[in-house]
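Undergrad: Would you be able to build a 3D model of this:
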Amino acid sequence: MPLWQAVVLAIAQGLTEFLPVSSTAHLTLIPWFLGFQDPGLTFDVALHVGTLVAVLIYFFRTWVDLLLLGVGRDSLFGSFDTVGPDAGPSPAGPPRTLFWLLVLATIPGGVAGLIFQEQVATVLRHPAVIGSALILLAIPMALGERMGRLRKDLGTVGVGDSLWIGFAQALALIPGVSRSGATITAALFLDFRRDAAARFSFLLSTPIIAGAALKEGLGVATSGLPPGQELAFLVGVVVSAVTGYLCIALFLRFLQFGTFKIFVYYRIVLGIIVLALAFFSSLASTA
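TA: Sure, this is the predicted structure:
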């Protein structure tokens, strides 16, 4: 794999893992659009490791506090419901059970992944499925943006909220849905502020990304890296980590004053393009 292709895919992963536009869709569609050879499972693992590093570094203080509160200790940093990693605590304060609520919200996606892993890796990666999912999720996202009262922060998360968002995350197994898009949309319907919805989504992404990277990594541990591709893989990890960190930081700041409308429009336009290309491609193959 040429180095520039590794950079393109790593930037795509770092951006789309956290923006509500579906990383799986983009990593599937970019090689299709540009005629890349499929880089394979091992490179996919490398990109996920990069975004895992990004989210762990950005939310390091938050995760320390979550773990401390989860075992009944006091918060060390007070870094909850904030824009930046060094910002102060939320006025409402985090619930001591927030760590366990995140664990609870992870369960539906984990169970669904185990049940439907074969379908996700095969038939659901068809461009027609991706294009349809991009458009279909844009509808509830627009409704959540319009109907949500945007008044709740992380201090108000409860068991019902976690389960609702967790089941929404399970839908993101369908390529094109977007994990962050589904979870943020679900949180908007629960009246969470945009930045709080995104923050909960990003925290929830940590165990999911870690689990996916570990599962896929175990599958390729015995085979090792493809010969001569060590630099491409290193660049992929670093670029996806840096891009992911910047994306989280800028996106949370954007949501202090911006809305999700731009992502609704983007999903619809991209979905239409994908469906059109899939249609014409099928016509060409049968001609």
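
Undergrad: contacts and neighbour counts: CA atoms only from here.
TA: Will do.

Undergrad: where does this structure dip in pLDDT?
TA: For the chain, residues meeting the criterion pLDDT under 70 lie at 40-41, 74-75, 77-95, 121, 219-226, 287.

Undergrad: from the middle of its chain, how far away would stretch 62-72 be?
TA: 23 Å (C-alpha atoms, centre = their mean, to the nearest Å).

Undergrad: what are the ranges of the strands in this structure?
TA: With strands called from DSSP state E, the chain shows none.

Undergrad: got the contact list for the residue lying closest to residue 177 once chain neighbours are set aside?
TA: The shortest distance from residue 177 to any non-neighbouring residue, by C-alpha to C-alpha, 6 or more residues apart in numbering, is to residue 133 (5.2 Å). By C-alpha atoms under 8 Å, 6 or more residues apart in numbering, the contact list for residue 133 reads 174, 175, 176, 177, 271.

Undergrad: can you check residue 232 too?
TA: 1, 2, 3, 6.

Undergrad: who wins for neighbours among those residues?
TA: residue 6 (24 neighbours; other C-alpha atoms under 10 Å).

Undergrad: Is it correct that it is in contact with residue 235?
TA: Yes - counting by C-alpha atoms under 8 Å, residue 235 is a contact partner of residue 6 at 7.1 Å.

Undergrad: mind listing what residue 176 touches?
TA: 21, 22, 23, 24, 25, 129, 130, 131, 132, 133, 134.

Undergrad: Got the phi and psi for residue 18?
TA: Phi and psi for residue 18, reported as degrees, to the nearest 10, are phi -110, psi -30.

Undergrad: Would you agree it is in contact with residue 202?
TA: Yes - assessed by C-alpha under 8 Å, residue 18 is found in contact with residue 202 at 7.1 Å.

Undergrad: any residues in contact with both of those two?
TA: residue 180.

Undergrad: wait, what's in contact with residue 53?
TA: Counting by C-alpha under 8 Å, 6+ apart, residue 53 has contacts residue 241.

Undergrad: Please tell me how far it sits from residue 23.
TA: 16 Å (C-alpha to C-alpha, to the nearest Å).

Undergrad: buried set for stretch 144-160?
TA: 144, 145, 148, 150, 152, 153, 154, 155, 157 (16 or more other C-alpha atoms under 10 Å).

Undergrad: Looking at those, which one is closest to residue 245?
TA: Taking C-alpha to C-alpha as the measure, residue 245 lies nearest residue 154 of the buried residues of stretch 144-160, at 20.9 Å.

Undergrad: Mind jotting down where the helices sit in the stretch 101-250 of the chain?
TA: In the stretch 101-250 of the chain, the segments counted as helices under DSSP state H, counting those that start in this stretch are 127-147, 159-171, 179-189, 194-220, 230-254.

Undergrad: Out of these, which is the most enclosed?
TA: helix 179-189 (a mean of 28; mean count of other C-alpha atoms under 10 Å).

Undergrad: Please work out which residues outside that one touch it.
TA: Outside helix 179-189, the residues that touch it by C-alpha under 8 Å, 6+ apart are 17-22, 137, 140-141, 144-145, 147-150, 161, 164-166, 168-173, 194, 197-198, 201-202, 205.

Undergrad: Find the nearest non-adjacent residue to residue 272, please.
TA: residue 131 (6.6 Å).

Undergrad: what sits against the one you found?
TA: So residue 131 contacts 176, 270, 271, 272, 273, 274, 275 (C-alpha under 8 Å, 6+ apart).
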